[in-house]
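>>> What follows is a predicted protein model with its sequence.
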Amino acid sequence: MRFADPLLLLALLAPCLWLWRSWRAGRGLPVRRLAFPALRFLPPQSQSARVQWRRLPAVLLASGLVLLIVALARPQVAGKAEPTRLKSRNIIVALDISSSMKATDFQPGNRLAVARETVREFVRRRQGDLVGLVIFAGRAYLQAPLTTDLAVLDRLIEQVQIGLLPDGTAIGTALALSLNQLKNLPAGACTIVLITDGANNTGEPSPPLAAEAARALGIRVHAIGLSSSDTSQTWLNGVWSVRTLSPRLGGRDEAALKSLAARTGGQYYRASDPEGLNRIMAEIDPLERIEIEVNETRRYHELFPWMLFLGLVLTCSGAALENTWLRRLP
């Protein structure tokens, strides 16, 4: 049994205090009284029924008040658990904010600016889903825990900047932190979207070990590698170009990300421009629309009508007895 408004039960102190004061008052002599001489010479007489039941009205009134207060708190008993099919998903986005994300081969802005805006658009479409954000460089940090408040999540994504964490690329650490957020949720509806432009070079555990943990938990990892096909030139204002040494994903780096994703049942994607990144995020979206069945109790049976009726009966009975058969003179 549960109470819909349990704080109202604090009002139960009132009838308890009233009963205690009534008991204390009944033990003493009344302030105004008539004194009679002792009648010890008369034979003892048994008490009448009215004297024996003189405390009954107070008990009935207090009991009725207790039941009325409990009725106000709305006691409920759970109904039968019913199977419910849900399409809600639990998604953690792990976003790389290492210094290499400053590369301007993605226009406008740099890799991080494009990735951040794409993630914001992805999050805005997640109505009803639980979404969280992990940022990582040399260390990993939980920027936003799993939440359905997409407006707050959008603001937290907007605040992500390069330099918030020591430099490096701790992919394994980011995955471990992401898994910690998802480990107690239904595995069939959990996924991690990893967005990075480099290979793991620091932190613990290693990406293969993190992938094994994800596979054991039944959580998929979709990896997205950010790197244009040609990073030897960077365009300025869409007209002039300069030579640059922007880092790019090598064959070994991509192989590591492919292996990581495949080990968990996910996919690897390479985004070479903003449009490609948008297409990839749109492709990931339907892959995670997994319907799961859970047993959920949605209906509760209200008990307050019965307690309200019984409380009114007891209260009215106590008041009636106090003013009729068990009435007392002042």
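Looks like it arrived, so ask away.
>>> tell me the pLDDT at P15?
Note on P15: pLDDT of 80.
>>> I'd say it and V70 touch.
No. P15 lies out of contact with V70 (Cβ atoms under 8 Å); the separation is 10.8 Å. Just so you know, the C-beta spots here come from the backbone N, C-alpha and C atoms, and that holds for glycine as well.
>>> quick one, which of the two is more surrounded?
More neighbours surround V70 than the other of P15 and V70, with 21 against 18 (other Cβ atoms under 10 Å).
>>> how much space between the more buried one and R2?
When distance is defined by Cβ to Cβ, to the nearest Å, V70 is 13 Å away from R2.
>>> got any residues that touch both of these two?
With contacts defined as Cβ atoms under 8 Å, 6 or more residues apart in numbering, no residue is shared by V70 and R2.
>>> Packing partners of the helix ranked longest in the chain?
Counting by DSSP state H, the longest helix found in the chain is helix 304-323. When contacts are defined as 3 or more Cβ pairs under 8 Å, 6 or more residues apart in numbering; DSSP states H and E, helix 304-323 packs onto helix 56-72.
>>> just checking, next helix/strand downstream of the helix it packs on?
Next helix or strand after helix 56-72 toward the C-terminus (DSSP states H and E): strand 75-78.
>>> Parallel or antiparallel, list what pairs with that following strand.
Taking DSSP bridges as the criterion, strand 75-78 pairs within the sheet with strand 2-3 (antiparallel), strand 300-302 (antiparallel).
>>> okay, those strands in JSON lines with mean pLDDT and mean neighbour count next?
Listed next are the strands paired with strand 75-78 as JSON lines, based on pLDDT from 0 to 100; neighbours: other Cβ atoms under 10 Å:
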{"stretch": "strand 2-3", "mean pLDDT": "82", "mean neighbour count": "14"}
{"stretch": "strand 300-302", "mean pLDDT": "80", "mean neighbour count": "13"}
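>>> Out of these, the one nearest G198 is which?
Closest approach to G198 among the strands paired with strand 75-78 (Cβ to Cβ): strand 2-3, 51.6 Å.
>>> now the stretch 201-330 of the chain, which segments are flagged as low pLDDT?
For the stretch 201-330 of the chain, the stretches flagged by pLDDT under 70 are 229-248, 285-299, 327-330.
>>> re earlier: please compute how far the longest helix of the chain lies from its chain's middle.
Helix 304-323 has its C-alpha centroid displaced from the chain centroid by 42 Å (Cα atoms, centre = their mean, to the nearest Å).
>>> the helices in the stretch 101-250 of the chain, which residues?
111-124, 150-158, 171-182, 207-217 (DSSP state H, counting those that start in this stretch).
>>> helices and strands around the third one, which ones?
Translated: helix 171-182. In terms of contacts (3+ Cβ pairs under 8 Å, 6+ apart), helix 171-182 is packed against strand 90-96, strand 130-136, strand 140-147, strand 190-196, helix 207-217.
>>> cool, and the last one?
Applying 3+ Cβ pairs under 8 Å, 6+ apart, one finds that helix 207-217 contacts helix 171-182, strand 220-226, helix 251-263.
>>> CA atoms of it as CSV?
C-alpha atoms of helix 207-217 as CSV (Å, rounded to 0.1, in the frame of the first residue of the first chain):
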residue,chain,number,x,y,z
PRO,A,207,39.4,0.6,-25.8
PRO,A,208,39.4,-3.2,-26.4
LEU,A,209,38.8,-3.8,-22.7
ALA,A,210,36.1,-1.2,-22.6
ALA,A,211,34.5,-2.8,-25.7
GLU,A,212,34.5,-6.2,-23.9
ALA,A,213,32.7,-4.6,-21.0
ALA,A,214,30.2,-3.1,-23.4
ARG,A,215,29.6,-6.4,-25.1
ALA,A,216,29.1,-8.2,-21.7
LEU,A,217,26.5,-5.6,-20.8
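>>> now it against helix 171-182, angle please.
Comparing the axes of helix 207-217 and helix 171-182 via axes from the mean of the first three to the mean of the last three Cα atoms, to 10 degrees yields an angle of 20 degrees.
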